[in-house]
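# Sequence first, predicted coordinates after that:
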Amino acid sequence: MSRMVLMGGVALVASFAMGATAIGAAQQSKPIPNFTFIDSGWLGFGGTNFIQPKSGPGPISNDPKFPYVGNNDTPGNQSTERVGDASNPILQPWAAEVVKQHNDLVHKGKRSFVAQARCWPGGGPAQLLFPAEPIYFIQQPKEIYIMWQRDHHVRRVMMDVPHSANPKPSWFGESVGHYEGDTLVVDTIGYVTHQYHFVDNLRTPHSEQLHVVERWRTIEDSKKLEVEVTVEDPKAYTTPWKATRIWQKVNRGPILESVCAENNINPFNLDEYPMPEAKTADF
């Protein structure tokens, strides 16, 4: 059952979403983008860090004194741990100190685990960086769902509505969206400030003022999906910054069941983040 294909429901909602997309297209002078397919999803590629902008401030990168080598980088070379560049001028002093604290753990021989490696949600915008399994979309006139196959995380985007006056903090925040021609614009606030909720895979922190705007569009004849992210948090960063993430269209059939925490153990007693665990029932 760990890889059971959830075919019927996804095919049904995907078919409905395609119809909804066609309805929305008639309301615009330029057709709205179609990210929804019955048998295809979008797989992230190009590494597990954000792409830096062509100009202007971008996210922090790996410390150049400690080059990062991933498991799939340069076959035959020993992989290394992530060490963030705490000297990046976009960081407010307290945020730079948090990056330094994580770097110190690496220098002491500890693993630099990111939240998703221990089955925590990536949140925002770090959730966009998960590389190994595809994401899927359901587009409806009043709401859009972005679904990660990994652990079945679902992000809900309410269309053409304002933000709540006081949104309840959550892992994915409160997202509202609208179309601008062939681009889906998503505005998100109300993120939690959990100790494992970062904005990237270098464990860059944020505050309760985190505000993220995403501009989603298809490129290269709809073979690829691109999102330009603008991140603003005056309490954590000295300036707003931009980054990009790209996925490629893959035909792997409908979304599969993929459980992260099932049978995970810690045989080497590594100093890892604890696995998320429900202490009380939700119902």
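Yes, it's here.

# So which elements touch the strand or helix carrying Tyr179?
Secondary structure from DSSP states H and E places Tyr179 in strand 174-180. Strand 174-180 is packed against strand 154-159, strand 183-189, with contacts defined by 3 or more C-beta pairs under 8 Å, 6 or more residues apart in numbering; DSSP states H and E. Where C-beta positions appear, they are placed from N, C-alpha and C, glycine not excepted.

# contacting residues around the first one?
Residues outside strand 154-159 that contact it (C-beta atoms under 8 Å, 6 or more residues apart in numbering): 127, 140-148, 172, 175-178, 186.

# before we move on, the earlier item: can you point out the buried residues in the strand holding Tyr179?
Glu174, Ser175, Val176, Gly177, Tyr179 (16 or more other C-beta atoms under 10 Å).

# Name the nearest of those relative to Thr193.
Comparing the buried residues of strand 174-180 against Thr193 with C-beta to C-beta picks out Glu174 as the nearest, at 14.5 Å.

# For that closest one, give the beta-bridge partners.
Ile189 (DSSP bridges).

# try Val212
Going by DSSP bridges, Val212 is paired in beta bridges with Thr188, Val231.

# for this structure, which spans come out with low pLDDT?
Along the chain, segments meeting pLDDT under 70 span 1-28, 71-77, 262-272.

# if you set the cut-off to 90 instead, what comes out?
For the chain, the stretches with pLDDT under 90 are 1-31, 38-39, 45-48, 67-81, 105-124, 131-132, 150-153, 194-196, 252-283.

# sorry, back to before: using CSV, write out every CA atom in the strand holding Tyr179.
C-alpha atoms of strand 174-180 as CSV (Å, rounded to 0.1, in the frame of the first residue of the first chain):
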residue,chain,number,x,y,z
GLU,A,174,-2.5,32.2,4.2
SER,A,175,-2.2,32.4,0.4
VAL,A,176,-4.5,34.5,-1.9
GLY,A,177,-4.1,34.7,-5.6
HIS,A,178,-5.1,36.2,-8.9
TYR,A,179,-4.2,35.9,-12.6
GLU,A,180,-2.3,38.5,-14.5
